[in-house]
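>>> Test case, fold it:
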Amino acid sequence: MSEAEESQQRRLARNVNELLQELRVAQAGVQILFGFLLSIAFTDKYANVGGYIRVTHLVAVLCAAAAVAFLTAPAAWHRVLFRQGRREDVVRYGNTFALVGMAFLALAMTGTVLLLAEVILDGWPAIVVGVLAFVVFTGLWFAVPFASSERAQDRERP
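Numbering: from 1, shown residues only. So this is what the prediction gives:
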């Protein structure tokens, strides 16, 4: 193996490790959220909620489940493909899975905040709180980093 090939393999190994480390943080949070959302349906108060709350809850649960699926997929891919020398695939697809998983997590968190706001505030104030949660999650997790990336690319262009 040439020095360049070895360097490429080290970079890929580092990228896989960084990806899996980042996902451990998100996985723990989304799994706790998922458990919390599942437990709500078995409370006495839930039996008396309306259709809007039930649909919002189901959407939040489905988004959390999708987030779990996408955020754990890179670890499964790594386990299946690492001995085949396909780290590049793990990194490329894992990055996409992580971003999609984070998007579903943002939606699940927004739904959860909306559910709690509906119980506490009810009506349009709850919707405002839900929209604010969505803006914060998508802004901090996606809009700001992508805008920062675009600015950095613009500075690098001659």
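>>> For the biggest helix by length in the chain, what does the pLDDT average out to?
Using DSSP state H, we find that the single longest helix of the chain is helix 3-40. For helix 3-40, mean pLDDT rounds to 87.
>>> So what's the gap between it and the chain middle?
11 Å (CA atoms, centre = their mean, to the nearest Å).
>>> how about the residue positioned nearest the centre of the chain, what does it touch?
The chain has Met102 as the residue nearest its centroid, 1.8 Å off, counting by CA atoms, centre = their mean. Residues near Met102 by CB atoms under 8 Å, 6 or more residues apart in numbering: 26, 67, 71, 141-142. (Each C-beta comes from the backbone N, C-alpha and C, glycine too.)
>>> moving C-terminal of the helix or strand where it lies, what's the next helix or strand?
Taking DSSP states H and E as the definition, Met102 sits inside helix 87-120. Later in the chain than helix 87-120, the nearest helix or strand by DSSP H and E is helix 124-138.
>>> helices and strands around that next one, which ones?
If you count contacts as 3 or more CB pairs under 8 Å, 6 or more residues apart in numbering; DSSP states H and E, helix 124-138 packs onto helix 87-120.
>>> and Ala13, how many neighbours?
Residues near Ala13, counting by other CB atoms under 10 Å, number 13.
>>> before we move on, back to that, and the furthest pair within the contacts of Met102?
Within the contacts of Met102, Leu71 and Phe142 form the most distant pair, 15.2 Å apart (CB to CB).
>>> between these two, which one's more packed in?
Between Leu71 and Phe142, counting by other CB under 10 Å, Leu71 is the more crowded of the two (27 against 14).
>>> hang on, the more buried one packs against Thr96?
No: at 11.8 Å, Leu71 does not count as touching Thr96 under the criterion of CB atoms under 8 Å.
>>> circling back to that earlier point, counting contacts, what elements does the longest helix of the chain pack onto?
Judged by 3+ CB pairs under 8 Å, 6+ apart, helix 3-40 is in contact with helix 51-81, helix 87-120.
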